[in-house]
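[1] My questions are about this predicted structure, shown below with the sequence.
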Amino acid sequence: MKKTILLSALLLLAAPAWATDMELKGIMKDLDAKTQAIVDGINRGDFEAVWNNAKKISDHEEPSFTEKVRILGFLLTDAKDFKSFGDVVHDEAERLADAAKKRDYDGAIAHFAAMLKGCAGCHAGYREKFVKYFYR
Ligand code: HEC
């Protein structure tokens with residue numbers, strides 16, 4: 001099993017160019033739509049919508065195993081840092097959902113802002129490199 005993983009990792013590294021959009025892009029578009037829905041929910045005082053969308057963000061889909069291998073092959077030693085931004089998004093989305101449950105405006109806004117920092121931190125550090133590498 002280990003050998004198979006290593007071999008597929010090497011094969012995938014040898015052919016990094018992506019013919020179509022990555023699964024990650026689809027996941028991102030989805031995260032974006034949920035983020036917009038949260039802003040809308042906060043503005044309308046619709047805490048159920050805030051809760052619902054925050055939960056969907058914290059439980060968001062992940063790319064397939066094959067795509068993950070390609071991403072990890074590209075990130076190498078940066079993988080931990082990359083993942084840490086995903087953890088921030090996950091944890092803050094959970095806290096945001098908890099605040100929404102309590103109809104706590106201040107808490108919801110604070111955790112929403114902290115969640116966005118996770119999105120923006122990863123984009124600032126990796127998005128351009130990522131797009132250059134995978135879509136060149
Ligand atoms: C761990 C890193 C990481 C985190 C966290 C992250 N993103 Fe991204 N995001 C990326 C990368 C990499 C791309 C480029 C993907 C591509 O072009 O295929 C991207 C692209 C995007 C795009 C552009 C998609 C397009 O149509 O080209 C949007 C919108 C987006 N992210 C929204 C979000 C939102 C909202 C969050 C937080 C809730 C978030 N992202 C969190 C890494 C991250």
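    Structure received.
[2] Now do the same for the closest residue to residue 63 other than its chain neighbours: its pLDDT.
    Sequence neighbours aside, residue 23 is the residue nearest to residue 63 in space, at 4.2 Å (criterion: CB to CB, 6 or more residues apart in numbering). All C-beta spots, glycine's among them, are computed from the backbone N, C-alpha and C. As predicted, residue 23 sits at a pLDDT of 95.
[3] can you count the residues close to residue 23?
    In terms of burial, residue 23 registers 16 neighbours under the definition other CB atoms under 10 Å.
[4] Check the one 10 residues further on too.
    With neighbours defined by other CB under 10 Å, the count for residue 33 comes to 12.
[5] just residue 100 next, same as before
    The criterion is other CB under 10 Å. On that basis, residue 100 has 27 neighbouring residues.
[6] buried ones in stretch 108-115?
    Neighbour counts using 16 or more other CB atoms under 10 Å place 108, 111-112, 114-115 of stretch 108-115 among the buried residues.
[7] Could I get the contacting residues of residue 114?
    88, 92, 95 (CB atoms under 8 Å, 6 or more residues apart in numbering).
[8] quick one: contacts for the residue nearest to residue 63?
    Taking CB under 8 Å, 6+ apart as the contact definition, residue 23 lies against 63-64, 67.
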